[in-house]
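>>> Fold the following and give me the result.
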Amino acid sequence: MSKIMVIEEDSAMRVLISEWLASEGHEVRSVPRHDAASGTVTDDAVDLVILDLPHPRSRSGEAAHAVQVVHAAYPQAAVIGISTLIGRSLGIDSGASRTLGVSRLLAKPCTREELLGAVAAAL
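I've put the predicted structure just below:
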């Protein structure tokens with residue numbers, strides 16, 4: 001299956017997402033967001049990155065910067081953003097997803113089915 005990088009600050013959520021993806025046969029690697037922000041964790045062979053967004057609507061551009069760092073580190077990978085600050089998950093056709101440069105924007109917490117559906121759509 002696909003190689004997926006999970007960049008999530010919350011360790012319990014990182015483990016849960018990783019387990020859901022691994023149970024579907026994906027090869028999963030996960031790191032806290034602060035480790036990924038350093039730019040030292042890269043892998044050209046990653047197909048998809050699931051990224052915990054710091055603040056999708058922040059005026060400081062923190063979320064946009066995080067997505068740019070991920071696109072630079074994993075240029076061939078699709079990116080799914082996840083955030084506690086959105087009320088519902090949004091597809092590629094949403095303005096917020098397009099503005100941030102992500103394939104999908106998932107509300108956190110999300111269901112297993114919601115996550116796997118977004119992964120299938122992004123790959």
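>>> so for the helix or strand containing residue 67, what's the average pLDDT?
Per DSSP states H and E, residue 67 falls inside helix 62-73. Averaged across helix 62-73, pLDDT comes to 80.
>>> Could you point out the helix or strand that follows the least confident helix or strand in the chain by mean pLDDT?
In the chain, the helix or strand scored least confidently by mean pLDDT, DSSP states H and E is helix 33-37, which has a mean of 61. Downstream of helix 33-37, the first helix or strand assigned by DSSP H and E is strand 48-52.
>>> Hey, what's the angle from that following strand to helix 62-73? Just curious.
Orientation check (axes from the mean of the first three to the mean of the last three C-alpha atoms, to 10 degrees): strand 48-52 against helix 62-73 gives 150 degrees.
>>> who touches strand 48-52?
Here strand 48-52 makes contact (C-beta atoms under 8 Å, 6 or more residues apart in numbering) with 2-10, 13, 17, 33, 36, 66-67, 70, 74, 77-83, 102, 108, 115, 119, 122-123. For the C-beta atoms, the positions are set from N, CA and C on the backbone; glycine is no exception.
>>> Could you turn the buried ones of these into a ChimeraX selection?
Burial among the contacts of strand 48-52 is assessed by 16 or more other C-beta atoms under 10 Å; the matching ChimeraX selection reads:
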select :2,4,5,6,7,8,13,17,33,36,66,67,70,74,77,78,79,80,81,82,83,102,108,115,119,122
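>>> ok, back up a step: counting by contacts, list what the helix holding residue 67 packs against.
helix 33-37, strand 48-52, strand 78-83, helix 95-100 (3 or more C-beta pairs under 8 Å, 6 or more residues apart in numbering; DSSP states H and E).
>>> Figure out which of these is closest to residue 24.
Among the helices and strands packed on helix 62-73, the nearest to residue 24 by C-beta to C-beta is strand 48-52 (12.0 Å).
>>> For that closest one, which strands pair with it and how are they oriented?
strand 3-7 (parallel), strand 78-83 (parallel) (DSSP bridges).
>>> Averaged pLDDT, that strand. What do you get?
Strand 48-52 comes out at a mean pLDDT of 91.
>>> One more: stretch 9-29?
94.
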